[in-house]
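**Q** coords please:
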Amino acid sequence: MSLNYFSGKVVWITGASSGIGEALFLELAKQGANIVLSARNKEKLQQLVKQANLVEANYLIIPFDLADTSKAEDYVKQIIQKFNRIDFLINNGGTSQRGEAIATSQSVERNLFEINYFAQVALAKAVLPFMIKQQSGHITVVSSIAGKFGFYLRSSYSAAKHALHGYFESLRLEVEKNNVKVLLVCPGKIKTNISNNAILADGSKHAKMDESHVNAMTAEECAKKILSAIESNKQEILIGRKEVLTVYIKRFFPSLLYKILRKQSPY
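**A** The predicted structure is shown next:
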């Protein structure tokens with residue numbers, strides 16, 4: 001990854017207040033990007049901007065909840081008004097699940113889809129007219145290893161991540177004539193608060209870090225791999241440690257994969 005690829009470029013990051021999003025922000029700030037930060041926690045976003053010593057001309061904070069993207073087009077207008085363009089959208093925000101399918105209410109399932117699928121689509125469709133007008137742009141969508149196969153307690157989360165692949169692989173084919181690129185990122189276990197914030201069957205939070213995440217790859221390492229994949233114009237990337245091998249096991253030995261999964265802890 002070069003040190004100046006993102007210099008002067010306009011990058012919009014969702015889920016920027018923690019985890020992979022925070023790590024992406026800090027790395028892009030080092031590279032001199034103009035950064036748009038979005039998450040629910042406005043105060044945390046302001047703290048990050050101070051931490052990175054960014055001047056007002058180089059950042060824009062647009063706080064919102066991914067459960068409601070009805071103002072997505074207005075957010076993009078704010079970005080264009082300030083920076084006159086948008087080069088990269090990194091759809092990083094999302095929420096995981098820890099609940100058995102039979103116990104999970106429809107309202108929780110719809111909420112998981114709203115955040116993990118419909119919000120990603122809405123934001124992409126909001127930036128696309130400007131990227132097409134520019135005849136350049138890049139959309140990164142953070143999916144998951146769970147977007148490649150299902151796992152315990154992840155039914156609606158996994159389904160939404162699967163849906164991202166179908167949608168954005170189709171979109172990639174449609175917009176490549178406009179020089180707009182699409183990258184799908186499939187992280188495995190990354191040391192973030194994703195398990196703490198995961199939604200239980202009743203809609204409450206899991207509120208603890210899964211043991212499998214404690215010694216996982218750091219968010220900083222994951223962020224660097226994402227930015228390198230963007231620079232290399234990759235279409236899809238798997239990120240993690242030995243867990244990424246499960247994708248290849250499923251492709252070539254699907255029955256073996258499910259024998260392995262049945263022995264794994266849901267946490």
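
**Q** ok, the residue nearest to the spatial centre of the chain to V127 distance?
**A** Nearest to the geometric centre of the chain sits N92, at 2.1 Å (C-alpha atoms, centre = their mean). N92 sits 14 Å away from V127, going by C-beta to C-beta, to the nearest Å. All C-beta atoms are positioned from the backbone trio N, CA, C, and that covers glycine.

**Q** same check on A72?
**A** Distance check for A72 against V127: by C-beta to C-beta, it reads 9 Å.

**Q** who has more neighbours out of these two?
**A** Set A72 next to V127 and count neighbours by other C-beta atoms under 10 Å: V127 wins out with 25 against 18.

**Q** so the more buried one, which of the three states?
**A** helix (DSSP: H, G, I helix; E, B strand; the rest coil).

**Q** next one, pLDDT for it please.
**A** On pLDDT, V127 comes in at 98.

**Q** go ahead and confirm it touches V10.
**A** No - V127 is beyond contact range of V10, at 10.2 Å (criterion: C-beta atoms under 8 Å).

**Q** quick check: neighbours shared by these two?
**A** Residues touching both V127 and V10 (C-beta atoms under 8 Å, 6 or more residues apart in numbering): I86.

**Q** and after the helix or strand of the chain with the lowest mean pLDDT, which helix or strand comes next?
**A** Least confident element among the helices and strands of the chain, by mean pLDDT, DSSP states H and E: helix 211-214 (a mean of 79). Downstream of helix 211-214, the first helix or strand assigned by DSSP states H and E is strand 217-218.

**Q** packing partners of that next one?
**A** When contacts are defined as 3 or more C-beta pairs under 8 Å, 6 or more residues apart in numbering; DSSP states H and E, strand 217-218 packs onto strand 190-191.
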